[in-house]
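>>> the following block contains a protein sequence and its predicted model.
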Amino acid sequence: MPLFDADRIDALFAVLGRTGGQQVLERFADELAAEIGTLTGLAAQGDLCATARHAHGLKGAAANFGASDLQAISRSVEQAATTPDASARLAGLLADLELVARQTALAARHL
């Protein structure tokens, strides 16, 4: 299953041109590692409200690019951060999120 929706990427390139679209995707890929670091740090500090908020933002960014796997795991992190057993659930989800983010960033650089 592709990490990006082809129609969303085609629309991006149609609006920004190939070079402009690739630049936006590169920027998105570059920012993913920092965002995952922020989410992990917030969760480790126990700031679950901020964790949910950042996961929500990442979910929206992923949706804009049609990165459905990243969108889905971000949604799971957002939802888990609002549950009573958040700490236990977040550890595994954040590891999954980091893996999907790395895969998504790599794919973004090769579209």
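Nice, thanks for sending it over.
>>> burial of Val24, as a residue count?
17 (other C-beta atoms under 10 Å). All C-beta spots, glycine's among them, are computed from the backbone N, C-alpha and C.
>>> quick check: it touching Gly17?
No: contact between Val24 and Gly17 fails when scored by C-beta atoms under 8 Å: they sit 10.4 Å apart.
>>> could you list the low-confidence segments of this protein?
By pLDDT under 70, the weakly predicted segments of the chain are 1.
>>> excluding its backbone neighbours, what's nearest Asp30?
Here the nearest residue to Asp30 in space, its sequence neighbours aside, is Ala105; by C-beta to C-beta, 6 or more residues apart in numbering that works out to 7.8 Å.
>>> quick one: residues contacting the one you found.
28-30, 32-33 (C-beta atoms under 8 Å, 6 or more residues apart in numbering).
>>> what strand or helix carries it?
In the assignment (DSSP states H and E), Ala105 maps to helix 86-108.
>>> now swap in Phe28 and tell me
Phe28 is located in helix 6-45, with elements delineated by DSSP H and E.
>>> go through the helix or strand just after that helix and flag the buried ones.
Stepping forward along the backbone from helix 6-45, the first helix or strand reached (DSSP H and E) is helix 48-65. For helix 48-65, the neighbour count (16 or more other C-beta atoms under 10 Å) marks 48, 50-52, 54-56, 58-59, 61-63, 65 as buried.
>>> helix 48-65 packs against which elements?
Secondary structure elements in contact with helix 48-65, counted by 3 or more C-beta pairs under 8 Å, 6 or more residues apart in numbering; DSSP states H and E, are helix 6-45, helix 68-80, helix 86-108.
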